[in-house]
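Engineer: using only what follows, build the 3D model:
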Amino acid sequence: MNTNRSMLALLWVCLVLIVASCSSVDCPLNNTVYANYVLRGPVTTMPDTLTILTHRQDGTDSILINQQVNTDSFTLPVSYAQTEDVLVFHTGHLTDTVVIEKTNEPHFESVDCGLNYFHTLTGVRYTRHALDSIVINHNQVNYDASQKHFFVYFKEYRL
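Structural biologist: Have a look, this model is predicted:
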């Protein structure tokens with residue numbers, strides 16, 4: 001009888017330890033962080049199509065936005081390991097190159113979630129064919145999708 005109580009107590013302790021060891025970490029469904037761009041100035045909605053490409057590390061291009069119309073804002077992914085992201089903006093017949101300078105900070109939440117990266121925007125360079133300017137509004141890029149990271153000012157032009 002004493003042995004049964006000891007076994008029951010041992011099983012109870014094991015059950016409590018198993019339940020206590022379970023974690024309720026909610027890993028993000030998408031581990032890519034995105035930068036938000038908002039149009040400001042005389043052009044707050046693009047009167048023409050907008051296509052945005054990025055140059056990848058392997059030398060190829062990837063289309064991020066393809067002929068979007070009536071654009072007033074857009075969201076683009078940020079690379080993990082590169083210190084600069086190169087974007088090519090095609091608006092109608094004009095093309096601009098934008099270089100986003102940033103740092104890459106590893107962000108660890110849990111062994112279950114894996115390693116993610118957050119970024120600090122440190123600078124932006126661009127050509128000025130259709131673009132007038134780009135301003136960093138909020139320099140921390142993380143899971144907070146409500147932040148407006150860049151204000152993009154296009155030159156006023158006629159189609």
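Engineer: so which helix or strand of this structure has the lowest pLDDT on average?
Structural biologist: helix 2-21 (a mean of 62; mean pLDDT, DSSP states H and E).
Engineer: look up the closest residue to residue 73, ignoring the ones flanking it.
Structural biologist: Closest residue in space to residue 73, ignoring its immediate chain neighbours: residue 38 at 4.6 Å, by Cβ to Cβ, 6 or more residues apart in numbering. Every C-beta, even on glycine, is put in place using the N, C-alpha and C of the backbone.
Engineer: next secondary structure after the longest strand seen in the chain?
Structural biologist: In the chain, taking DSSP state E as the definition, the longest strand is strand 94-108. Downstream of strand 94-108, the next assigned helix or strand under DSSP states H and E is strand 115-126.
Engineer: for the record, mean pLDDT for that following strand?
Structural biologist: Strand 115-126 shows a mean pLDDT of 90.
Engineer: hmm, residue 102 and residue 83 touching each other?
Structural biologist: Yes - in this structure, residue 83 is within contact of residue 102 by Cβ atoms under 8 Å, at 6.6 Å.
Engineer: of those two, give the one with the bigger neighbour count.
Structural biologist: residue 102 (23 against 12; other Cβ atoms under 10 Å).
Engineer: tell me who's in contact with the residue most central in space within the chain.
Structural biologist: For the chain, the residue nearest the mean C-alpha position is residue 34 (1.7 Å; Cα atoms, centre = their mean). By Cβ atoms under 8 Å, 6 or more residues apart in numbering, the contact list for residue 34 reads 75, 76, 77, 78, 141, 145.
Engineer: try 7 Å
Structural biologist: Residues in contact with residue 34 (Cβ atoms under 7 Å, 6 or more residues apart in numbering) are 75, 76, 77, 78, 145.
Engineer: and what of residue 45?
Structural biologist: Residue 45 makes contact with 39, 70, 71, 72 under the criterion Cβ under 7 Å, 6+ apart.
Engineer: assign it to helix, strand or coil.
Structural biologist: coil (DSSP: H, G, I helix; E, B strand; the rest coil).
Engineer: go on, residue 32?
Structural biologist: coil.
Engineer: what's the neighbour count on it?
Structural biologist: 12.
Engineer: how near is it to residue 135?
Structural biologist: 24 Å (Cβ to Cβ, to the nearest Å).
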